[in-house]
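*Asks:* have a look at this prediction, sequence included:
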Amino acid sequence: MSNLSGFVKRIRDIMRNDPGINGDAQRIEQISWMLFLKVYDAKEQDWMFDDEDYESIIPDPCRWGNWAQDDKTGKAMTGDKLMDFVNNTLFPTLKKLPVDATTPLKKAIVQTTFADANNYMKDGVLLRQVINIIDELQLDDYEESHAFGEIYESILKELQSAGSAGEFYTPRAVTDFMAQMIDPQIGEHMADYACGTGGFITSWLKELRKKVHTTEDENAYSQSIYGIEKKQFPYMLCITNMLLHDLDVPEVYHDNTLLRDVLDYTDDDKVDVILMNPPYGGSEKADVKNHFPDDLASSETADLFMSVIMYRLKKNGRAAVILPDGFLFGTDNAKINIKKKLLSEFNLHTVIRMPGSVFSPYTSITTNILFFDNTGATEKTWFYRLDMPDGYKHFSKTKPMKLEHFAPVVEWWNNRQPMTIDGFDKARCFTVQEMAEDLGYNLDLCGFPHEEEEILDPLDLIHRYEEQRASLNAEIDRVLAEITAKLGGQQP
């Protein structure tokens with residue numbers, strides 16, 4: 001294909017004329033299922049070359065090469081015939097592929113990928129045009145396949161402007177920084193229990209790739225990841241992402257992490273490294289709390305994922321997790337108990353406070369990266385505030401955060417010193433006694449001064465107020481309990 005850089009634009013321009021496509025989210029989802037089939041077809045060609053007995057799980061009429069490819073003889077399906085095939089043969093067939101516990105994962109992913117997928121296009125002529133552009137990709141050519149991997153990144157970035165779909169995308173600068181600080185080792189197993197499009201997994205693989213030198217290393221590399229994603233659309237994107245990164249058997253599952261009792265996890269369920277940006281501000285069914293001990297049951301999804309992370313991190317394992325400010329300052333009972341468990345059973349050694357616009361335009365809520373390991377109780381925690389780089393008022397779609405913006409953190413990381421700017425702490429170490437006893441588990445430390453300058457999206461503002469109200473109510477309850485106790489339990 002001669003013009004990879006125009007790939008996405010060409011397809012979007014065609015889709016804008018289709019009456020069935022409404023907005024970027026549907027447009028990207030439409031591209032995604034076609035890309036998956038094209039990438040999967042290229043993989044199957046490789047598998048057949050390596051194994052002459054390989055049989056595709058996809059029936060012949062539904063394999064990409066047999067319906068999508070246009071040999072320019074005028075026989076390629078288009079118009080109403082193509083729409084009828086896609087809607088009444090292709091999708092029903094792929095959704096109901098025979099899959100059971102014995103089905104190899106690299107075959108089963110086709111059925112799970114299409115289980116809840118949709119075809120939105122209604123114009124068969126326009127659909128043919130889009131398919132032809134996608135089919136031009138030469139994925140059997142190493143250089144072009146690698147180049148397309150970069151184009152795929154641009155498709156994932158589009159999620160940031162695709163409405164609610166933005167929740168699945170963590171800026172690559174952030175995932176790369178976290179993977180670098182975690183420092184992957186050959187033989188380690190990492191997990192992301194809400195993996196979205198696979199950003200953390202990709203960053204982990206990029207760092208681990210640098211240490212692959214032998215065939216044994218290569219095998220360990222390809223078996224080093226584990227992911228779970230609840231929603232169909234990002235799951236499809238993630239599987240395609242993994243295939244493009246040469247993981248022929250991507251251990252990524254379409255499931256909901258929060259629907260399993262955390263007390264049921266065994267050592268076999270634990271991993272060496274966890275890299276995550278848990279969804280927050282989301283809603284789950286009320287009975288989800290039943291999968292957690294009463295003292296850890298929270299209505300905030302990020303809190304629930306923190307409990308999962310603590311229950312699934314191996315002894316001596318390492319974790320880097322993105323959490324909103326509400327987790328740090330929250331003093332409602334569930335958050336207090338989660339932070340007590342974190343500080344008493346794990347070593348929370350570093351908290352990086354990130355600027356508020358890192359996830360712009362999806363959310364303006366300020367987030368933090370918590371680095372901790374399972375080596376014993378916390379004795380002290382360093383907090384570091386990462387300020388906006390010179391020349392930036394805020395990050396945006398056109399001026400996103402870059403890996404180089406983390407350079408001040410990296411420089412400070414290996415030579416930690418307290419820092420104060422204009423009378424405000426930028427970096428400081430706190431003992432566990434200070435955090436627990438003096439501050440009552442309020443970890444909102446080394447934060448950004450001048451909060452009055454922060455302008456939040458209305459929904460983010462409501463979520464922030466809800467967090468603050470819950471914390472204030474918990475604080476009032478504690479103070480009243482202390483006063484009542486001092487009065488001998490008597491009512492005034």
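*Replies:* In hand now; what should we look at?
*Asks:* buried set for stretch 432-448?
*Replies:* Neighbour counts over stretch 432-448 (16 or more other C-beta atoms under 10 Å) mark 432, 435-436, 441-448 as buried. In this view, the C-beta of every residue, glycine as well, is placed from N, C-alpha and C.
*Asks:* in a markdown table, list these along with distance to residue 134 and pLDDT.
*Replies:* Output for the buried residues of stretch 432-448, formatted as a markdown table (distance: C-beta to C-beta, whole Å; pLDDT from 0 to 100):
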| residue | distance to residue 134 | pLDDT |
| --- | --- | --- |
| 432 | 54 | 97 |
| 435 | 53 | 96 |
| 436 | 55 | 94 |
| 441 | 52 | 95 |
| 442 | 52 | 93 |
| 443 | 47 | 95 |
| 444 | 48 | 93 |
| 445 | 50 | 95 |
| 446 | 48 | 94 |
| 447 | 46 | 89 |
| 448 | 44 | 84 |
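*Asks:* longest strand anywhere in the chain?
*Replies:* The longest strand of the chain (DSSP state E) is strand 313-324.
*Asks:* what mean pLDDT does that strand have?
*Replies:* Averaged across strand 313-324, the pLDDT comes to 97.
*Asks:* how about stretch 134-149?
*Replies:* If you average the pLDDT values across stretch 134-149, you get 74.
*Asks:* same check, this time on stretch 358-376
*Replies:* 87.
*Asks:* check stretch 229-239 too.
*Replies:* Rounded mean pLDDT across stretch 229-239 is 88.
*Asks:* and the contacts of that stretch?
*Replies:* 29, 32-33, 36, 109, 112-113, 115-117, 155-156, 165, 168, 194-198, 201, 227, 250, 252-257 (C-beta atoms under 8 Å, 6 or more residues apart in numbering).
*Asks:* nearest to residue 462 among the buried residues of stretch 432-448?
*Replies:* residue 444 (19.2 Å; C-beta to C-beta).
*Asks:* please, where are all the helices along the stretch 1-150 of the chain?
*Replies:* All helices of the stretch 1-150 of the chain, identified by DSSP state H, counting those that start in this stretch, fall at 7-15, 24-50, 64-67, 79-85, 91-95, 105-114, 124-135, 142-157.
*Asks:* now do the buried residues in the shortest one.
*Replies:* Buried residues in helix 64-67, counting neighbours by 16+ other C-beta under 10 Å, are found at 64, 67.
*Asks:* using PDB, list the CA coordinates for it.
*Replies:* Extracted in PDB, the C-alpha atoms of helix 64-67 (Å, rounded to 0.1, in the frame of the first residue of the first chain):
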ATOM      1  CA  TRP A  64     -11.400 -13.000   4.300                       C
ATOM      2  CA  GLY A  65      -9.700 -14.100   1.100                       C
ATOM      3  CA  ASN A  66     -12.800 -15.800  -0.100                       C
ATOM      4  CA  TRP A  67     -15.300 -12.900   0.200                       C
END
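*Asks:* picking that back up, C-alpha coordinates for the helix or strand following the longest strand of the chain, PDB please?
*Replies:* Heading C-terminal from strand 313-324, the first helix or strand you meet, by DSSP states H and E, is helix 325-329. What follows is helix 325-329, C-alpha atoms only, in PDB (Å, rounded to 0.1, in the frame of the first residue of the first chain):
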ATOM      1  CA  ASP A 325      -7.500  11.900  43.300                       C
ATOM      2  CA  GLY A 326     -10.600  10.600  45.000                       C
ATOM      3  CA  PHE A 327      -8.700   7.500  46.100                       C
ATOM      4  CA  LEU A 328      -6.000   9.600  47.700                       C
ATOM      5  CA  PHE A 329      -8.200  12.100  49.600                       C
END
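*Asks:* tell me which strands and helices helix 325-329 is in contact with?
*Replies:* helix 301-311, strand 367-373, helix 458-486 (3 or more C-beta pairs under 8 Å, 6 or more residues apart in numbering; DSSP states H and E).
*Asks:* all strands of the stretch 251-400 of the chain, in order?
*Replies:* Along the stretch 251-400 of the chain, counting by DSSP state E, counting those that start in this stretch, strands occupy 252-254, 271-276, 313-324, 347-353, 367-373, 380-385.
*Asks:* give me the buried positions along the longest strand of the chain.
*Replies:* So for strand 313-324, counting by 16+ other C-beta under 10 Å, buried means 313-314, 317-324.
*Asks:* of those, closest to residue 391?
*Replies:* Closest to residue 391, out of all of the buried residues of strand 313-324 and judged by C-beta to C-beta, is residue 322, at 24.8 Å.
*Asks:* residue 273 and residue 319 touch, don't they?
*Replies:* Yes - the pair residue 273 / residue 319 is scored as a contact, 7.0 Å apart, by C-beta atoms under 8 Å.
*Asks:* re earlier: rebuild the helices of the stretch 1-150 of the chain as JSON lines, extending it with distance to residue 392.
*Replies:* JSON lines is the format used below for these (distance: least, C-beta to C-beta, whole Å):
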{"stretch": "helix 7-15", "distance to residue 392": "26"}
{"stretch": "helix 24-50", "distance to residue 392": "25"}
{"stretch": "helix 64-67", "distance to residue 392": "44"}
{"stretch": "helix 79-85", "distance to residue 392": "47"}
{"stretch": "helix 91-95", "distance to residue 392": "45"}
{"stretch": "helix 105-114", "distance to residue 392": "38"}
{"stretch": "helix 124-135", "distance to residue 392": "36"}
{"stretch": "helix 142-157", "distance to residue 392": "18"}
